[in-house]
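>>> Take this sequence and fold it.
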Amino acid sequence: MEMVPTNLTPGRRPRRASRVRAAALAGVVVGAFALAACGGGTSVGGSKDIADSDSQYGFKAETQGDSQITVWVDSTRQPAAEAYNKAHPDNPVKIVTYDGNANGSNSFKTKFQLFDRAGSGWPDVVFTTDNNSASWGSFDGTGDLAAMNKGLVPDDTLSGFADGALDVCTIDGVSYCLRNDLAQNVLWYNKKLMDQFGYTVPTTWEDYEALADKVATEHPGYIVGTAGDAWTPEIYMWAAECPANDVTGATSVTVDTSDPNCVKAAQMLDKLIANKTMSTLSLFGPEFAKTEGDKVLMLPGPSWYGGSVFQGTLKTPAGEIAAAAPLKWSDASDTSTGNVGGGAWWISSHSKNLAAASDFATWVTSQSSFDGTLAPTYPAFSSAASDWVAETQKSGYYANDISEPFQQAAGEVWSGWGSAAFSQEAIWAKVVQAGMTQGKTIESLLPAWQTEIENQAKTLGYEVSK
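Residues are numbered from 1 along each chain as shown. Have a look, this model is predicted:
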């Protein structure tokens with residue numbers, strides 16, 4: 001499933017965490033979104049370190065020329081590449097389609113490792129539906145990916161992206177991607193049902209929990225959320241600022257699932273699961289639409305739920321679904337939200353035409369539509385996002401103006417949830433979801449979650465601390 005939009009706003013606000021790292025995931029949402037992060041070491045085979053502070057690009061580039069560039073895209077992004085060719089007839093790119101690294105295929109890394117061994121064959125620009133490529137492709141790591149913010153892409157272009165949008169591919173202050181789209185979490189709700197039941201849309205997680213208690217008593221069968229998918233922690237744990245995935249360096253991560261913020265989120269989920277207002281079915285499984293699809297009162301989740309879940313999978317009629325700003329924990333100083341998606345464009349450090357590669361990547365990320373067709377997902381580039389949401393609003397599907405909550409959420413994605421080389425979603429599915437099917441509470445599974453994160457991190461060479 002394609003993640004549908006999320007972010008707007010040229011207005012930026014200070015980040016609440018000083019370390020630069022993760023925010024979103026993106027593209028296809030089916031199983032595990034491999035969240036991104038860090039690298040370390042030298043190039044593949046250990047032959048060289050291509051970092052070069054004297055270079056105009058910040059790395060040792062190939063001899064440059066005006067050769068045609070090759071661009072790898074998935075089928076969903078193919079129209080964007082074709083639109084670029086139509087708009088630039090004198091400098092067309094060669095388009096190659098591949099799986100987009102979807103569903104943890106790891107094809108981007110695998111293919112680049114083969115090219116590294118052969119010493120040739122690299123494409124110039126690559127799109128991925130996940131964001132973990134900086135973990136292996138930085139010049140501090142394999143050396144395969146070009147630094148964007150060391151001279152390759154103008155600063156005024158980089159500043160046009162939503163606040164925090166490039167965190168997901170930034171390591172030690174160096175950004176390696178241009179974000180295609182965002183997927184920040186908001187509170188979706190059925191306005192028709194909320195009005196019918198006489199309920200007020202909550203603004204805090206405490207109010208949300210209290211309303212769930214009322215729903216359980218007054219309207220049994222209706223649900224206020226789901227905990228049946230692998231990205232559940234990216235919605236509830238991330239929003240609670242649970243330090244389960246705090247990437248603190250190229251090969252270091254802090255994990256503490258016993259933290260009070262993790263515990264309170266787990267306890268809330270357990271309570272709502274117990275009173276049957278929190279579904280444990282997968283949103284895209286065959287049973288959810290059949291048994292609970294018309295019973296969704298509220299649903300915290302990413303912006304793409306609007307088009308993909310409500311309009312697409314559940315076929316909820318127009319004029320019923322609305323979006324509200326992310327919920328806030330009362331004891332938190334600021335509102336924090338999570339992120340479920342958001343793809344990215346990467347430029348190869350081996351490109352012999354970096355100027356053309358940069359022009360392509362900046363063009364496709366700054367458009368709200370391609371050849372007259374609206375982009376399938378909400379752009380990470382702020383001006384494109386503004387245009388995108390304005391056009392989306394014209395569809396008449398939504399019961400309110402979604403632009404304000406989208407815009408607010410875009411600046412509230414907590415940067416303390418990192419982007420590591422391991423997949424939090426795969427770990428959650430293996431440990432927590434599996435335990436839930438055995439009747440265990442999420443709170444009781446927090447220690448096992450901790451252990452599995454530590455094991456996965458250490459296997460990949462991370463130093464783990466609490």
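>>> Please enumerate the helices of the stretch 1-150 of the chain.
78-87, 107-118, 134-137 (DSSP state H, counting those that start in this stretch).
>>> which residues sit against the first one?
It refers to helix 78-87. With contact meaning C-beta atoms under 8 Å, 6 or more residues apart in numbering, helix 78-87 is reached by 71, 73, 92-93, 95, 97, 360, 363-364, 367, 370-371, 373, 375. Heads up, the C-betas are built off the backbone N, CA and C, glycines and all.
>>> Using CSV, list the CA coordinates for that helix.
C-alpha atoms of helix 78-87 as CSV (Å, rounded to 0.1, in the frame of the first residue of the first chain):
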residue,chain,number,x,y,z
GLN,A,78,8.2,6.0,-13.1
PRO,A,79,5.7,8.7,-14.1
ALA,A,80,7.8,11.3,-12.2
ALA,A,81,10.9,10.2,-14.2
GLU,A,82,9.0,10.3,-17.4
ALA,A,83,7.7,13.7,-16.6
TYR,A,84,11.2,14.9,-16.0
ASN,A,85,12.2,13.7,-19.5
LYS,A,86,9.2,15.5,-21.0
ALA,A,87,10.2,18.7,-19.2
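>>> Just say which of the helices of the stretch 1-150 of the chain is most tucked in.
Highest mean neighbour count of those: helix 134-137, a mean of 27 (counted as mean count of other C-beta atoms under 10 Å).
>>> picking that back up, just the buried ones out of the contacts of helix 78-87, please.
The neighbour-count test (16 or more other C-beta atoms under 10 Å) marks Val71, Val73, Val93, Ile95, Phe360, Val364, Gln367, Phe370, Ala375 as buried among the contacts of helix 78-87.
>>> now this protein, which segments are flagged as low pLDDT?
1-49, 140-141, 250 (pLDDT under 70).
>>> In it, which helix is the longest?
helix 442-459 (DSSP state H).
>>> Buried residues, that helix. List them.
Quick answer for helix 442-459 (16+ other C-beta under 10 Å): Ile442, Glu443, Leu445, Leu446, Ala448, Trp449, Gln450, Glu452, Ile453, Glu454, Gln456, Ala457.
>>> ok, and the closest non-adjacent residue to the third one?
If I follow you right, that is Leu445. Spatial nearest neighbour of Leu445, chain neighbours left out: Gly435 (4.4 Å); criterion: C-beta to C-beta, 6 or more residues apart in numbering.
>>> The one you found belongs to a helix?
Yes: assessed by DSSP: H, G, I helix; E, B strand; the rest coil, Gly435 belongs to a helix.
>>> What is the nearest of the contacts of helix 78-87 to Asp294?
For these, the minimum distance to Asp294 (C-beta to C-beta) is 29.8 Å, reached by Ala375.
>>> That closest one touches Gln367, doesn't it?
Yes: the pair Ala375 / Gln367 is scored as a contact, 6.7 Å apart, by C-beta atoms under 8 Å.
>>> how about the nearest residue to Arg77 once chain neighbours are set aside, what does it touch?
Nearest residue to Arg77, sequence neighbours excluded (C-beta to C-beta, 6+ apart): Phe127, at 4.9 Å. With contact set as C-beta under 8 Å, 6+ apart, Phe127 has these partners: Val71, Trp72, Val73, Asp74, Arg77, Gly100, Asn180, Gly343, Ala344, Trp345, Trp346.
>>> give me that answer again for 10 Å
Shown in contact with Phe127 (C-beta atoms under 10 Å, 6 or more residues apart in numbering): 27, 71-74, 76-78, 80-81, 98, 100-101, 108, 177, 180, 343-346, 361, 364.
>>> and Asp256, how many residues sit next to it?
By other C-beta atoms under 10 Å, 17 other residues sit near Asp256.
>>> Surely it touches Asp246?
Yes: the criterion here is C-beta atoms under 10 Å, and Asp256 meets it with Asp246 at 8.2 Å.
>>> Residues in contact with both of these two, list them for me.
Both Asp256 and Asp246 are contacted by Ser465, under the criterion C-beta under 10 Å, 6+ apart.
>>> name the element the closest residue to Glu62 other than its chain neighbours belongs to?
Leaving aside its chain neighbours, Glu62 sits nearest to Lys352 (4.9 Å; criterion: C-beta to C-beta, 6+ apart). Per DSSP states H and E: Lys352 is located in neither a helix nor a strand.
>>> Contact partners for Lys352?
Taking C-beta under 10 Å, 6+ apart, one finds Ala61, Glu62, Thr63, Gln64, Gly65, Asp66, Ser67, Ile69, Trp122, Asp124 in contact with Lys352.
>>> how near is the first one to Val126?
Using C-beta to C-beta, to the nearest Å, Ala61 is found at 17 Å from Val126.
>>> More neighbours: these two, which one.
Each of Ala61 and Val126 has its neighbours counted (other C-beta under 10 Å); Val126 has more, 28 against 18.
>>> Please name the bridge partners of the residue nearest to the more buried one when sequence neighbours are not counted.
Counting by C-beta to C-beta, 6+ apart, Trp72 is the residue found nearest to Val126 once chain neighbours are left out, at 4.4 Å. Judged by DSSP bridges, the bridge partners of Trp72 are Val96, Val126.
>>> from the chain's centre, how far out does stretch 54-69 sit?
30 Å (C-alpha atoms, centre = their mean, to the nearest Å).
>>> Among the contacts of Lys352, name the buried ones.
Among those, those classed as buried by 16+ other C-beta under 10 Å are Ala61, Ile69, Trp122, Asp124.
>>> can I get those in JSON lines with distance to Val464?
As requested, the buried ones among the contacts of Lys352 are arranged in JSON lines below (distance: C-beta to C-beta, whole Å):
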{"residue": "Ala61", "distance to Val464": "35"}
{"residue": "Ile69", "distance to Val464": "40"}
{"residue": "Trp122", "distance to Val464": "33"}
{"residue": "Asp124", "distance to Val464": "36"}
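>>> of all the residues you listed, which two lie farthest apart?
Going by C-beta to C-beta, the pair spanning the buried ones among the contacts of Lys352 furthest: Ala61 and Ile69, at 13.9 Å.
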